[in-house]
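Undergrad: no sequence on hand, only this structure:
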């Protein structure tokens, strides 16, 4: 089955700096890659996603890039703010009848004011 | 608020007991997914239902079962509970089977087995 590796497990940045979180996946049939933000004790919230026919997607301060050949995708957060502090999860899905998400282990992002 | 509701919020029970977790998907969503989140295993997919039928199974124990009812709400039944079953249980819903499948999560049920 699919295996998703996520790095780093913890990340501390100064407010205003950029943060990058990287994930790799094993199943070349995966074609949908969402990112979720989870605050302590809360539900995971979808913040951005990318499909395999696109190399990059941006939404304000958040961007995701996908390299299908290398089977890795990354989350980029620019101009970080204290409210960006949370655990971020990447995930992968095959689609086409197999839509369950396989998650990475998560990255705890701390933005230091 | 994602539009997905889960009850109860918290559940405390003893080993060997049986519990039922309930999930109502967003209006219009036909697919329901159940995930377990524990400290050591992270977020793991358990099972998916689409319009009342089981569609996919993940790392779901035989002691666990689920169903989706005609009104599309879903229940996850956990029996012969063990200490290791203590976790956050999330359900998520999505609108249709054939698309990119954006999944929206409910607030979760925190299960504590004593």
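TA: Perfect, I can see it now. Not measured: the values here are computed from a predicted model. Numbering: from 1, shown residues only, chains lettered A, B, ... in the order given.

Undergrad: drop to CA atoms for contacts and neighbour counts, all remaining ones
TA: Fine.

Undergrad: so which strand or helix has residue 46?
TA: With no chain named, the answer covers chain A. Using DSSP states H and E, residue A:46 falls within strand A:45-51.

Undergrad: chain B is the one I meant
TA: Using DSSP H and E, the element containing residue B:46 is strand B:42-50.

Undergrad: residue A:23 too?
TA: Going by DSSP H and E, residue A:23 is in strand A:19-25.

Undergrad: got the buried residues for whichever helix or strand comes after that strand?
TA: Counting by DSSP H and E, the next helix or strand C-terminal to strand A:19-25 is strand A:32-38. Neighbour counts over strand A:32-38 (16 or more other CA atoms under 10 Å in any protein chain shown) mark A:32-38 as buried.

Undergrad: same check on stretch A:10-29?
TA: Neighbour-count burial for stretch A:10-29 [16+ other CA under 10 Å]: A:11, A:13, A:15, A:18-19, A:21-25.

Undergrad: what's the neighbour count on the closest residue to residue B:68 other than its chain neighbours?
TA: Sequence neighbours aside, residue B:74 is the residue nearest to residue B:68 in space, at 4.2 Å (criterion: CA to CA, 6 or more residues apart in numbering or on different chains). Using other CA atoms under 10 Å in any protein chain shown, the number of residues around residue B:74 comes to 25.

Undergrad: partners of residue B:74 in the sheet?
TA: residue B:23, residue B:68 (DSSP bridges).

Undergrad: measure it to residue B:39 for me?
TA: 25 Å (CA to CA, to the nearest Å).

Undergrad: residue numbers of chain B in contact with chain A?
TA: When proximity is defined as CA under 8 Å from any CA of the partner chain, chain B approaches chain A at B:33, B:41-45, B:48, B:55-56, B:90, B:97-108.

Undergrad: so which of those sit within strands?
TA: B:33, B:42-45, B:48, B:55-56, B:90, B:104-105 (DSSP state E).

Undergrad: indicate the residue of chain B located nearest to chain A.
TA: Proximity of chain B to chain A (CA to the nearest CA) peaks at residue B:107, 4.9 Å away.

Undergrad: hang on, the earlier thing: quick one: the strand holding residue A:23 to strand A:32-38, angle?
TA: Using axes from the mean of the first three to the mean of the last three CA atoms, to 10 degrees, the direction of strand A:19-25 lies 130 degrees away from that of strand A:32-38.

Undergrad: so residue B:45 touches residue B:56, yeah?
TA: No. Between residue B:45 and residue B:56 there is no contact under CA atoms under 8 Å: 9.5 Å.

Undergrad: now residue B:64, nearest residue through space, not along the chain?
TA: Of all residues not flanking residue B:64 in the chain, residue B:78 sits nearest, at 4.6 Å (CA to CA, 6+ apart).
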